[in-house]
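1. coordinates only, sequence not included:
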């Protein structure tokens, strides 16, 4: 049996250093189905602005405090709405303001904008944006010492912190990246 493409989801996320102690995370999610798909018919309402094949197209912009990881602004656009009511989610995005993109973020975002309180597609985009922030933070860590790789040591508690710590097995507290950073070594050069 021949394979037939029926759906493509593309998520794009860009992170910008705003130079004022904040970063902007801009994300876009677009679902496209080939014209003539037998799975979903491309039924359009009158005046629908979506290009042929586009099912969903939404964007979100988060402004995040670099030092605290707190969302200070959340707004979006929904240029490709399959149903007229889909855009209501845009009014709910400010609920994320004050939430930190740190441990517990996924649960909090789902509480605020998940299921019948929001939009599954926007929630998916927000999760990818948060993960991308963590990845980007690994490269522009909050430390003023570039040799530390962004790893910070609290002088009182003697504990370490980093925006990517415990985000995956490589970044676990006792894992290879954090261990090398504690030793003042570059994980990339050391083959972590």
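-> Great, that's in hand. What you see is a predicted model, and the numbers here were worked out from it, not measured in a lab.
2. any idea which residue sits dead centre in the chain?
-> For the chain, the residue nearest the mean C-alpha position is residue 129 (0.8 Å; Cα atoms, centre = their mean).
3. SS state for that one?
-> The three-state label given to residue 129 by DSSP: H, G, I helix; E, B strand; the rest coil is helix.
4. got the contact list for it?
-> Each residue near residue 129 by Cβ atoms under 8 Å, 6 or more residues apart in numbering is listed here: 13, 25, 27, 60, 62. In short, each C-beta sits where N, CA and C put it, glycine included.
5. Tell me which of those fall in strands.
-> When DSSP state E defines the strands, the subset of those inside them is 13, 25, 27, 60, 62.
6. The second one touches residue 133, doesn't it?
-> Yes. Taking Cβ atoms under 8 Å as the definition, residue 25 is a contact partner of residue 133 at 5.4 Å.
7. who touches both of these two?
-> Common contacts of residue 25 and residue 133 (Cβ under 8 Å, 6+ apart): 15, 62, 64.
8. now that we have those residues, which one has the most neighbours?
-> residue 62 (27 neighbours; other Cβ atoms under 10 Å).
9. Quick check, pLDDT for that residue.
-> In the prediction, the pLDDT value recorded for residue 62 is 97.
10. do you know how far it is from residue 120?
-> Distance check for residue 62 against residue 120: by Cβ to Cβ, to the nearest Å, it reads 18 Å.
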